[in-house]
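*Asks:* take this sequence and fold it.
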Amino acid sequence: MAEDWHLKCMDNCDDKCGYTYFHESLGYYSWLDHLFVSSSISDEVAGFQIFDSGCNNSDHHPIVWSLQNDVLSKNVSYQFRKRVYKQRWDKADVMLYYAATGAYLQAIDVPKHLLHGSSSNNQVEIEEFYAAVVHTSAVCE
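*Replies:* Now for the predicted structure:
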(Lines give C-alpha, C1' and ligand atoms only; values in the text may rest on other atoms or scores of the structure.)
Protein backbone atom coordinates (compact mmCIF):
# COMPACT_ATOMS: atom_id res chain seq x y z
CA MET A 1 0.00 0.00 0.00
CA ALA A 2 2.78 2.43 0.87
CA GLU A 3 4.33 1.89 -2.54
CA ASP A 4 0.99 2.40 -4.31
CA TRP A 5 0.49 5.76 -2.58
CA HIS A 6 4.18 6.78 -2.90
CA LEU A 7 4.74 6.82 0.86
CA LYS A 8 7.96 6.29 2.74
CA CYS A 9 8.18 4.89 6.27
CA MET A 10 10.48 7.05 8.37
CA ASP A 11 11.19 4.45 11.08
CA ASN A 12 14.88 4.39 10.16
CA CYS A 13 15.37 8.05 11.13
CA ASP A 14 17.91 8.71 13.84
CA ASP A 15 16.28 8.22 17.24
CA LYS A 16 17.76 7.47 20.64
CA CYS A 17 14.71 5.79 22.25
CA GLY A 18 14.17 2.82 19.88
CA TYR A 19 10.55 2.00 20.83
CA THR A 20 7.14 3.66 20.79
CA TYR A 21 5.23 1.25 23.06
CA PHE A 22 6.22 -0.10 26.43
CA HIS A 23 4.69 -2.19 29.18
CA GLU A 24 6.90 -1.42 32.12
CA SER A 25 5.74 -4.16 34.52
CA LEU A 26 6.22 -6.86 31.86
CA GLY A 27 9.40 -5.32 30.51
CA TYR A 28 7.94 -5.35 26.98
CA TYR A 29 9.13 -2.72 24.50
CA SER A 30 8.12 -2.51 20.84
CA TRP A 31 7.96 -0.14 17.88
CA LEU A 32 4.20 0.00 17.17
CA ASP A 33 3.73 3.58 16.01
CA HIS A 34 5.08 4.73 12.66
CA LEU A 35 5.49 7.85 10.55
CA PHE A 36 4.72 7.69 6.82
CA VAL A 37 5.26 10.71 4.56
CA SER A 38 5.02 11.30 0.85
CA SER A 39 8.17 10.13 -0.92
CA SER A 40 8.48 13.57 -2.51
CA ILE A 41 9.11 15.23 0.88
CA SER A 42 10.86 12.42 2.76
CA ASP A 43 14.22 14.22 2.49
CA GLU A 44 12.68 17.21 4.28
CA VAL A 45 11.88 15.33 7.52
CA ALA A 46 14.00 16.69 10.35
CA GLY A 47 14.08 16.42 14.10
CA PHE A 48 12.52 12.94 14.23
CA GLN A 49 12.25 11.96 17.87
CA ILE A 50 10.23 9.61 20.05
CA PHE A 51 9.05 11.74 22.95
CA ASP A 52 9.73 9.96 26.26
CA SER A 53 8.37 12.11 29.06
CA GLY A 54 7.29 11.42 32.62
CA CYS A 55 4.12 13.48 32.05
CA ASN A 56 2.87 11.02 29.40
CA ASN A 57 0.38 8.66 31.07
CA SER A 58 0.04 6.47 27.98
CA ASP A 59 1.92 3.27 27.23
CA HIS A 60 2.73 4.77 23.80
CA HIS A 61 5.39 7.41 23.22
CA PRO A 62 4.41 10.05 20.67
CA ILE A 63 6.57 10.56 17.59
CA VAL A 64 7.65 14.18 17.18
CA TRP A 65 9.00 15.41 13.86
CA SER A 66 9.28 18.51 11.73
CA LEU A 67 10.07 19.51 8.16
CA GLN A 68 13.24 21.39 7.20
CA ASN A 69 11.65 23.69 4.64
CA ASP A 70 8.28 25.00 3.61
CA VAL A 71 7.22 22.04 1.49
CA LEU A 72 3.91 23.67 0.58
CA SER A 73 5.74 26.20 -1.58
CA LYS A 74 7.41 23.47 -3.64
CA ASN A 75 5.98 22.55 -7.00
CA VAL A 76 5.15 18.96 -6.26
CA SER A 77 2.90 17.07 -8.62
CA TYR A 78 0.58 14.52 -7.12
CA GLN A 79 -1.01 11.70 -9.02
CA PHE A 80 -4.37 10.63 -7.69
CA ARG A 81 -5.91 7.39 -8.80
CA LYS A 82 -9.53 7.36 -9.67
CA ARG A 83 -11.37 5.15 -7.21
CA VAL A 84 -13.42 2.38 -8.72
CA TYR A 85 -16.52 1.47 -6.80
CA LYS A 86 -18.04 -1.96 -7.20
CA GLN A 87 -21.37 -3.28 -6.12
CA ARG A 88 -21.02 -5.87 -3.39
CA TRP A 89 -23.64 -8.53 -2.83
CA ASP A 90 -22.71 -8.90 0.82
CA LYS A 91 -23.71 -5.24 1.34
CA ALA A 92 -26.95 -5.41 -0.65
CA ASP A 93 -30.55 -5.41 0.55
CA VAL A 94 -31.22 -9.06 -0.25
CA MET A 95 -34.93 -8.91 0.57
CA LEU A 96 -35.39 -6.01 -1.86
CA TYR A 97 -33.53 -7.99 -4.52
CA TYR A 98 -35.77 -11.03 -3.96
CA ALA A 99 -38.90 -8.87 -4.16
CA ALA A 100 -37.77 -7.12 -7.36
CA THR A 101 -36.69 -10.29 -9.15
CA GLY A 102 -39.92 -12.01 -8.06
CA ALA A 103 -42.06 -9.18 -9.42
CA TYR A 104 -40.19 -9.04 -12.73
CA LEU A 105 -40.09 -12.81 -13.23
CA GLN A 106 -43.80 -13.21 -12.47
CA ALA A 107 -44.60 -10.67 -15.18
CA ILE A 108 -42.90 -12.80 -17.86
CA ASP A 109 -45.17 -15.00 -19.96
CA VAL A 110 -43.78 -18.52 -19.86
CA PRO A 111 -44.33 -20.24 -23.24
CA LYS A 112 -45.71 -23.47 -21.70
CA HIS A 113 -47.13 -24.63 -25.02
CA LEU A 114 -43.57 -25.28 -26.18
CA LEU A 115 -43.38 -28.16 -23.72
CA HIS A 116 -46.31 -30.02 -25.34
CA GLY A 117 -45.81 -29.73 -29.02
CA SER A 118 -43.83 -28.24 -31.80
CA SER A 119 -44.32 -24.91 -33.41
CA SER A 120 -42.64 -23.19 -36.28
CA ASN A 121 -41.71 -20.28 -33.97
CA ASN A 122 -39.99 -22.38 -31.28
CA GLN A 123 -36.60 -20.76 -31.64
CA VAL A 124 -37.97 -17.21 -31.68
CA GLU A 125 -40.18 -17.77 -28.61
CA ILE A 126 -37.37 -19.45 -26.68
CA GLU A 127 -35.03 -16.54 -27.49
CA GLU A 128 -37.66 -14.00 -26.39
CA PHE A 129 -38.27 -15.87 -23.13
CA TYR A 130 -34.54 -16.11 -22.45
CA ALA A 131 -34.05 -12.39 -23.21
CA ALA A 132 -36.81 -11.50 -20.74
CA VAL A 133 -35.19 -13.56 -17.96
CA VAL A 134 -31.75 -12.05 -18.63
CA HIS A 135 -33.28 -8.56 -18.71
CA THR A 136 -34.83 -9.21 -15.28
CA SER A 137 -31.46 -10.18 -13.91
CA ALA A 138 -29.83 -7.04 -15.32
CA VAL A 139 -32.59 -4.70 -14.11
CA CYS A 140 -32.56 -6.09 -10.57
CA GLU A 141 -28.81 -5.73 -10.10
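
*Asks:* contacts, neighbours, all on C-alpha from now
*Replies:* Will do.

*Asks:* tell me, how many residues neighbour residue 50?
*Replies:* 20 (other Cα atoms under 10 Å).

*Asks:* quick one: contacts for it?
*Replies:* By Cα atoms under 8 Å, 6 or more residues apart in numbering, residue 50 lies in contact with 15-20, 61-64.

*Asks:* just for this protein, where's the confidence low?
*Replies:* 14-15, 70-80, 117-121 (pLDDT under 70).

*Asks:* what ranges do the strands span in it?
*Replies:* In the chain, the segments counted as strands under DSSP state E are 7-9, 21-23, 28-30, 36-38, 45-50, 63-67.

*Asks:* pairing partners for the fifth one, with directions?
*Replies:* Based on DSSP bridges, the strands next to strand 45-50 in the sheet, each with its direction, are strand 63-67 (antiparallel).

*Asks:* on that earlier part again, if any of the contacts of residue 50 are buried, give me the PyMOL selection for them.
*Replies:* Provided next is the PyMOL selection string for whichever of these are buried by 16 or more other Cα atoms under 10 Å:
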select buried, resi 19+20+61+62
